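Undergrad: kindly return the folded structure for what I paste below:
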Amino acid sequence: MTRSASSVAGVQVEKVRFSYGEAAFEFDVAFRPGCITAVMGPSGSGKSTLLNLVAGFEMPASGRVLIGGRDVSADLPAARPVSMVFQENNLFAHLTVEQNVGLGRSASLRLNDADRVAVAGALERTGLGGKGKRLPRELSGGERQRVALARVLVRERPVLLLDEPFASLGPALREDMLDLVAALQKERGLTVLFVTHQPEDARRISHDMVFIEGGRVAASGPVAEFFGEGGPEAFRRYIGAS
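TA: Below is the predicted model:
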């Protein structure tokens with residue numbers, strides 16, 4: 001599938017407030033459609049919380065979440081045009097690779113011919129051709145994350161949320177996975193929100209960056225602006241450049 005205008009959706013988080021326990025968060029930020037935005041910040045600053053609010057796993061106390069201009073604040077996760085890949089790839093150990101991918105089409109795995117064609121195509125695109133009958137335990141860590149990405153592809157949702165999915169991979173394998181994400185994003189015109197602790201990962205594939213500190217957006221803008229001498233002070237402190 002190639003990029004189409006109808007598939008491109010921006011994300012807006014408008015004056016959203018959320019809290020649990022003593023932790024309070026307030027987000028007001030927009031993510032450009034059809035771009036990769038790195039979401040960075042110290043541990044506990046609210047990066048995963050922001051993604052969970054976009055996905056619908058957390059509901060705001062006030063404010064709105066809009067995707068493609070539509071208010072999805074009250075929608076359940078399944079009703080939002082979003083897919084999410086976690087650090088733990090959420091594969092079912094007793095299902096084969098192609099069955100795990102097929103869940104992106106049907107939770108009951110009642111697949112029609114078009115579904116099976118889509119699954120096979122997604123496996124080929126993510127470098128898993130010929131491995132559809134294997135179980136997750138027979139795959140490497142990188143291959144398991146490729147299965148999670150293939151499942152995203154068959155869902156055909158315009159927004160992709162990545163919550164440090166490659167953090168446990170070695171540097172070379174992580175770069176391969178980042179390059180695959182960048183290629184898939186370009187092909188499909190996806191809007192990608194990508195949580196990472198690695199500045200080099202953001203620099204490698206992201207167009208924009210959002211830096212979160214203390215439960216709020218401290219800075220946002222094109223990624224190149226963050227790495228120059230005039231980059232945001234909060235980010236420069238974070239990477240030890242001040």
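Undergrad: ok, Ala234 - how many residues close by?
TA: 18 (other C-beta atoms under 10 Å). Backbone N, C-alpha and C define where each C-beta goes, glycine included.
Undergrad: same question for Ala78.
TA: 8.
Undergrad: do Asp176 as well
TA: 16.
Undergrad: may I see the buried residues of the strand or helix carrying it?
TA: Using DSSP states H and E, Asp176 sits in helix 171-188. Of all the residues in helix 171-188, those buried under the rule 16 or more other C-beta atoms under 10 Å are 173-178, 180-182, 184-185, 188.
Undergrad: can you give me the offset of it from its chain's centre?
TA: 12 Å (C-alpha atoms, centre = their mean, to the nearest Å).
Undergrad: parallel or antiparallel, list what pairs with whichever helix or strand comes after that helix.
TA: For helix 171-188, the following helix or strand on the C-terminal side (DSSP H and E) is strand 191-195. Applying DSSP bridges, strand 191-195 is found paired with strand 36-40 (parallel), strand 159-163 (parallel).
Undergrad: then the helix or strand just after strand 191-195 to CSV, C-alphas only?
TA: Heading C-terminal from strand 191-195, the first helix or strand you meet, by DSSP H and E, is helix 199-205. Output in CSV follows, covering the C-alpha atoms of helix 199-205 (Å, rounded to 0.1, in the frame of the first residue of the first chain):
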residue,chain,number,x,y,z
PRO,A,199,18.9,10.6,21.0
GLU,A,200,20.6,8.9,18.1
ASP,A,201,17.4,6.9,17.3
ALA,A,202,15.4,10.2,17.2
ARG,A,203,18.0,11.7,15.0
ARG,A,204,18.1,8.7,12.7
ILE,A,205,14.4,8.5,11.6
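Undergrad: and helix 199-205, what does it pack onto?
TA: strand 36-40, helix 171-188, strand 191-195, helix 223-226 (3 or more C-beta pairs under 8 Å, 6 or more residues apart in numbering; DSSP states H and E).
Undergrad: to Ala202, which of the strands paired with strand 191-195 lies closest?
TA: In terms of C-beta to C-beta, the element of the strands paired with strand 191-195 nearest to Ala202 is strand 36-40, at 3.5 Å.
Undergrad: before we move on, back to that, and the buried residues of helix 171-188, which is closest to Leu153?
TA: Among the buried residues of helix 171-188, and counting by C-beta to C-beta, the member closest to Leu153 is Leu184, at 6.9 Å.
Undergrad: quick one: the strands in the protein?
TA: Using DSSP state E, the strands of the chain run over 11-20, 23-31, 36-40, 62-67, 70-71, 82-86, 159-163, 191-195, 208-213, 216-222.
Undergrad: comparing those strands by mean pLDDT, which bottoms out?
TA: Note on these: strand 82-86 shows the lowest mean pLDDT, a mean of 90.
Undergrad: give the pairing partners of that one; include direction for each.
TA: When DSSP bridges is applied, strand 82-86 pairs with strand 159-163 (parallel).
Undergrad: now the strand it pairs with and helix 171-188, what's the angle there?
TA: Put simply, strand 159-163 runs at 170 degrees to helix 171-188, going by axes from the mean of the first three to the mean of the last three C-alpha atoms, to 10 degrees.
Undergrad: which other residues reach strand 159-163?
TA: Strand 159-163 is contacted from outside by 9, 11, 47-48, 51, 54-55, 67, 80-87, 152, 181, 185, 190-195, using C-beta atoms under 8 Å, 6 or more residues apart in numbering.
Undergrad: show the end-to-end separation of stretch 80-95, please.
TA: Length of stretch 80-95, first residue to last, C-alpha to C-alpha, to the nearest Å: 26 Å.
Undergrad: what's the domain layout of this protein?
TA: 1-81+157-242, 92-156 (automatic domain parsing).
Undergrad: if we can go back for a sec, now the helices and strands packed on helix 199-205 in CSV, with distance to Asn112?
TA: Listed next are these as CSV, based on distance: least, C-beta to C-beta, whole Å:
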stretch, distance to Asn112
strand 36-40, 32
helix 171-188, 22
strand 191-195, 28
helix 223-226, 41
